[in-house]
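need a structure here:
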Amino acid sequence: MKKHMLQLVFTMVFLLAMVPVSAQNYATHAVKEGETLKSISQQYRVTPYSILQANKEIKSASDVKENTILIIPLNGKPVETKTETKEEQEEEEVKPIRFIRHRVRRKETLFGLTQKYNITEDQLKRYNTKLYSETLERRMVLQIPVFPEVDPDEEKELDFETYTVQPKETRWSIAHKYGISVDSLLVLNPELDKNTNYLAAGEELKLPRPKGDSLKEQKVELFTSYTVPPKMTLYSLGREYGIPTDSIVRLNPEIMKEGGLKEGMVVRLPKKKNIEGEVNTENFIFYEVKPKQNIFRITQNLKITRDELFRLNPALENGLKAGMVLKLPKEKAEELEVKNALVLDKINLVDSINVENRPKLVFMLPFRLDKVNVADTEKAEALIKNRRDIALSLGFYTGAMVALDSIKKLGVSVDVKTYDTQLDQTKVKEILFRENLTGVDAIIGPLAAGPLDEAAVQASAKNIPVIAPIASDSKLSHANVFYSVPRDVVLRDKMLSHMEKIHKGENVIIIADSTHQVAHDSILRKFPAAQIAKVIDNKSLHLDEFLIKLSEDKENWVFLETDQPNMVSSVTSILNSANTASMVDSEETKKIKVRMFTTSYNDAFDDEAVSRTHLSNLRFTFSSFYRASKNDAFTRAYMKKYNGNLPDRYAVRGFDITMDILLKLAYKKNLFETSKYIGLTEYAGNGFDYFNDWTSGYFNRACYIMQYDNLTLKEVKLKNDVKSNL
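Numbers count the residues shown, from 1 in each chain. As a prediction, the model looks like this:
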């Protein structure tokens with residue numbers, strides 16, 4: 001079996017390596033009045049199926065309408081009388097790019113499924129071998145192959161142009177500009193990485209020429225006459241009208257006959273489009289239309305009026321098609337779930353799992369079995385209690401085991417291997433050298449920076465994602481690492497953005513020691529009128545000077561930025577005393593109001609020396625990647641599995657990270673691919689919303705605003721917060 005798997009991997013690598021070398025052969029065709037899918041396929045000597053495969057936005061022959069631009073795959077071979085057997089033989093050469101899960105409903109038939117998914121019965125059975133011997137039954141789970149759009153051989157330059165990617169453009173914005181689907185863009189440019197959405201400014205793409213490049217293919221009213229002024233060049237004219245210079249020449253052959261563009265020459269050009277600025281991520285977000293969607297449902301989901309949607313996307317006048325890329329106003333990003341400028345559809349991971357997927361996980365954690373003497377129970381317990389790395393690893397792993405139990409109940413089988421890294425980079429290197437990582441879908445761990453870097457480098461060679469349980473960054477760049485803890489800047493920005501929204505003129509005071517200058521400067525940029533409290537030796541306040549800064553008329557907002565437990569204890573005590581003090585004037589008694597915040601929450605605020613009563617009185621508020629786990633299904637399952645013991649935050653984190661990875665791998669067995677379409681996910685105590693920073697890795701942006709209220713830590717519900725898609 002292992003030998004077979006190795007052969008399969010080498011075969012796939014060989015085929016992938018050959019893909020960029022194969023030349024591509026396409027044509028574009030503007031549908032004329034009276035033409036049909038069948039007549040066009042006969043004209044180009046290809047099958048109707050191959051045209052549909054190359055134009056995913058065209059779902060059936062009825063979608064082929066006048067002025068529709070089609071991509072035609074050419075193979076240079078005459079197409080003789082077509083039979084179903086011939087088409088099936090052609091289709092067998094095409095491998096599926098992914099699978100979708102289908103649960104059989106009552107009265108469904110094999111023929112009905114082939115029509116629904118545009119595949120043959122042979123293809124359906126080939127990837128569901130049980131159908132060769134079993135009849136189709138209700139609730140049977142099938143994997144439906146999704147095939148690439150085309151697999152052409154050569155390039156036909158006259159039908160395409162080279163496009164240079166501009167700054168802030170994305171695959172979606174370019175697809176929208178050219179009126180094609182993102183899938184069609186990938187077919188035309190097979191060298192693009194399928195695991196990311198990255199496009200570099202200056203990168204060159206092959207794209208179909210825009211409408212208006214051929215007089216024979218377009219209506220007269222799409223053109224305008226233009227008289228060439230003095231000193232006008234082809235380049236300047238093409239730039240003004242937004243079309244390539246060779247397109248102008250093709251529309252006006254007399255330019256070549258006259259030896260170039262001449263003053264006074266009357267040329268025909270496509271009418272200028274009324275575009276609101278450049279179409280890129282700076283002024284628009286994008287949405288890819290899914291199969292079976294209609295205009296009403298899209299306007300409801302995207303929170304936009306029909307008129308506004310049609311104004312921004314005039315192509316909708318010709319009908320809504322799956323695969324179309326729609327542009328939306330940038331301000332809609334605040335109301336919708338947007339990732340990399342693409343509006344995400346809600347995906348229920350639990351209902352979207354494919355039981356045919358069998359994730360293969362590797363855990364690498366420092367259990368320190370080299371240090372723990374299990375024969376001496378007393379010493380072993382003391383070591384576990386005093387060593388944070390062991391306590392964290394054991395707690396994390398107990399939560400992960402509950403996640404494995406949970407995914408098993410959903411019908412997903414998981415292959416798991418666990419290794420003790422002993423907190424040693426050399427040990428990690430030894431493990432990875434010894435073990436075969438072929439087929440591994442994800443590695444969870446290690447914890448420490450050195451071992452994590454080692455695992456990331458080794459896994460990168462086999463395109464395996466590595467999930468960092470507690471790290472938020474690395475000194476090295478690892479494109480395959482998912483950092484599950486948000487960066488400090490993400491937590492700080494979340495806090496300050498929230499504070500800015502609720503600020504109503506309160507008196508802001510900043511208390512920051514010398515090690516938190518970044519936080520100090522960030523707060524001051526948001527609140528330029530803030531007062532700065534003097535800190536003595538990074539330990540205490542200059543009390544008299546500080547008390548003068550407290551306002552008697554306004555509520556006081558005090559930011560405390562430090563990682564010194566003694567300073568947290570001292571400041572909270574001072575603020576609590578001020579909060580209970582009263583100021584008497586000639587008319588009434590005024591109570592000083594003080595609230596405390598931080599943008600740099602750390603262990604100092606949880607120290608035993610810090611009074612929880614004081615924090616509650618001050619309604620202490622901070623940003624955190626962790627929220628207290630509720631008495632939910634996970635807690636009950638944990639207590640049942642571990643003899644009534646409550647999970648600590650490490651166990652909660654172990655469950656959340658493992659469950660998140662397993663559900664995503666059960667949905668699509670490629671974490672890099674899944675991360676492009678899955679937005680925020682939330683579990684018992686942690687949320688995950690990974691942003692791909694291309695060369696540096698995937699960084700979690702999910703965090704919460706937490707506040708003490710009546711001695712209880714509660715999550716602050718924010719306006720326009722995106723709900724979980726679980």
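
make it CA atoms for all contacts and neighbour counts henceforth
Fine.

got the CA coordinates for the longest helix along the chain in PDB?
The longest helix of the chain (DSSP state H) is helix 388-409. Taking Å, rounded to 0.1, in the frame of the first residue of the first chain, the C-alpha atoms of helix 388-409 are listed here in PDB:
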ATOM      1  CA  ARG A 388       3.800  25.200  32.200                       C
ATOM      2  CA  ASP A 389       4.900  23.400  29.000                       C
ATOM      3  CA  ILE A 390       3.800  20.000  30.400                       C
ATOM      4  CA  ALA A 391       0.500  21.400  31.900                       C
ATOM      5  CA  LEU A 392      -0.300  23.100  28.600                       C
ATOM      6  CA  SER A 393       0.500  20.000  26.500                       C
ATOM      7  CA  LEU A 394      -1.600  17.700  28.600                       C
ATOM      8  CA  GLY A 395      -4.500  20.100  28.900                       C
ATOM      9  CA  PHE A 396      -4.400  20.800  25.200                       C
ATOM     10  CA  TYR A 397      -4.300  17.100  24.300                       C
ATOM     11  CA  THR A 398      -7.200  16.200  26.600                       C
ATOM     12  CA  GLY A 399      -9.400  18.700  24.800                       C
ATOM     13  CA  ALA A 400      -8.200  17.400  21.400                       C
ATOM     14  CA  MET A 401      -9.300  13.900  22.400                       C
ATOM     15  CA  VAL A 402     -12.800  15.200  23.000                       C
ATOM     16  CA  ALA A 403     -12.700  16.800  19.500                       C
ATOM     17  CA  LEU A 404     -11.700  13.500  18.000                       C
ATOM     18  CA  ASP A 405     -14.600  11.800  19.800                       C
ATOM     19  CA  SER A 406     -17.000  14.400  18.500                       C
ATOM     20  CA  ILE A 407     -15.900  14.200  14.800                       C
ATOM     21  CA  LYS A 408     -16.100  10.400  15.000                       C
ATOM     22  CA  LYS A 409     -19.800  10.700  16.000                       C
END
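
and the strands in the stretch 101-250 of the chain, which stretches?
Taking DSSP state E, counting those that start in this stretch, the strands of the stretch 101-250 of the chain run over residues 141-146, 160-164, 204-208, 223-227.

for residue 297, find the nearest of those strands.
The closest of the strands of the stretch 101-250 of the chain to residue 297 is strand 141-146. By C-alpha to C-alpha, the value is 24.8 Å.

I'd like the average pLDDT over that closest one.
Average pLDDT, strand 141-146: 87.

note down every partner strand of it and its orientation.
strand 98-103 (antiparallel) (DSSP bridges).

what does the partner strand contact?
138-147, 352-354 (C-alpha atoms under 8 Å, 6 or more residues apart in numbering).

low-confidence ranges, the stretch 551-700 of the chain, go.
The stretch 551-700 of the chain contains residues with pLDDT under 70 at 581-590, 629-631.

secondary structure class for residue 260?
coil (DSSP: H, G, I helix; E, B strand; the rest coil).

repeat for residue 95
Taking three-state DSSP, the label given to residue 95 is coil.

quick one on the thing from earlier: of all the strands of the stretch 101-250 of the chain, which lies closest to residue 404?
Nearest of those (C-alpha to C-alpha): strand 141-146, 21.4 Å.

what's the most distant pair in the contacts of strand 98-103?
Based on C-alpha to C-alpha, the longest span within the contacts of strand 98-103 runs between 138 and 147 and measures 25.3 Å.

show me which of those two is the more surrounded one.
The neighbour comparison of residue 138 against residue 147 (other C-alpha atoms under 10 Å) goes to residue 147, with 16 against 13.

how close does the more buried one sit to residue 61?
For residue 147, the distance to residue 61 equals 18 Å [C-alpha to C-alpha, to the nearest Å].

please apply the same query to residue 436.
Distance from residue 436 to residue 61, by C-alpha to C-alpha: 49 Å.

neighbour count: the two, which is higher?
residue 61 (13 against 10).

so what's the more buried one scoring on pLDDT?
Looking at residue 61, its pLDDT is 77.

the closest residue to residue 391 other than its chain neighbours - how many residues pack around it?
Leaving aside its sequence neighbours, residue 391 sits nearest to residue 384 (C-alpha to C-alpha, 6 or more residues apart in numbering; 5.6 Å). Using other C-alpha under 10 Å, residue 384 has 19 other residues around it.

that older thread, just checking, what packs against the longest helix of the chain?
If you count contacts as 3 or more C-alpha pairs under 8 Å, 6 or more residues apart in numbering; DSSP states H and E, helix 388-409 packs onto helix 377-386, helix 633-641, helix 649-667.

at 10 Å instead, please
For helix 388-409, the elements it packs on are strand 360-365, helix 377-386, strand 415-420, helix 633-641, helix 649-667, judged by 3 or more C-alpha pairs under 10 Å, 6 or more residues apart in numbering; DSSP states H and E.

in the longest one, what's buried?
Right, the one you point to is helix 649-667. 649-667 (16 or more other C-alpha atoms under 10 Å).

again, but for stretch 295-310
Here stretch 295-310 shows 295, 298, 302, 309 as buried, counting by 16+ other C-alpha under 10 Å.

and of those residues, the nearest to residue 671?
Using C-alpha to C-alpha, the buried residues of stretch 295-310 come closest to residue 671 at residue 302, 26.6 Å.

list the contacts of the nearest residue to residue 641 once chain neighbours are set aside.
Nearest residue to residue 641, sequence neighbours excluded (C-alpha to C-alpha, 6+ apart): residue 402, at 7.8 Å. Residue 402 makes contacts with 408, 634-635, 637-638, 641-642, 651-652, 654-656, 658-659, as judged by C-alpha atoms under 10 Å, 6 or more residues apart in numbering.

give me the domain ranges for the protein.
Using automatic domain parsing, the domain parsing of the chain gives 98-147, 214-274, 284-345, 356-486+628-702, 488-624.

which one of those domains lies nearest to residue 34?
domain 214-274 (13.1 Å).

now that closest one: how far from the chain's centre is it?
Offset of domain 214-274 from its chain centre (C-alpha atoms, centre = their mean, to the nearest Å): 42 Å.

what angle do the longest helix of the chain and strand 415-420 make?
On the basis of axes from the mean of the first three to the mean of the last three C-alpha atoms, to 10 degrees, helix 388-409 is oriented at 170 degrees to strand 415-420.

okay, buried residues for helix 388-409 please.
389-407.

now do the phi/psi pair for residue 352.
phi -110, psi 10 (degrees, to the nearest 10).

ignore what I typed, I meant residue 317.
Torsion angles, degrees, to the nearest 10, at residue 317: phi -60, psi -30.

low pLDDT regions in the stretch 251-400 of the chain?
Ranges of the stretch 251-400 of the chain meeting pLDDT under 70: 271-278, 346, 374.

how about the strands in it?
Under DSSP E, counting those that start in this stretch, the stretch 251-400 of the chain gives strands at 266-270, 284-288, 325-329, 338-339, 342-343, 360-365.

between these, which one is nearest to residue 503?
Closest to residue 503 of these, according to C-alpha to C-alpha: strand 338-339, at 26.2 Å.

measure residue 99 to residue 399 for me?
31 Å.

ok, back up a step: inside helices: which ones of the buried residues of stretch 295-310?
Filtering the buried residues of stretch 295-310 for helices - DSSP H - leaves 295, 298, 302, 309.

ok, now how distant is the nearest residue to the third one once chain neighbours are set aside from residue 329?
With C-alpha to C-alpha, 6+ apart as the criterion, residue 302 has its nearest non-adjacent residue at 7.1 Å, and that residue is residue 336. Per C-alpha to C-alpha, residue 336 is found 11 Å from residue 329.

more neighbours: the two, which one.
residue 336 (18 against 15).

relative to residue 290, how far out is the more buried one?
For residue 336, the distance to residue 290 - C-alpha to C-alpha - is 17 Å.
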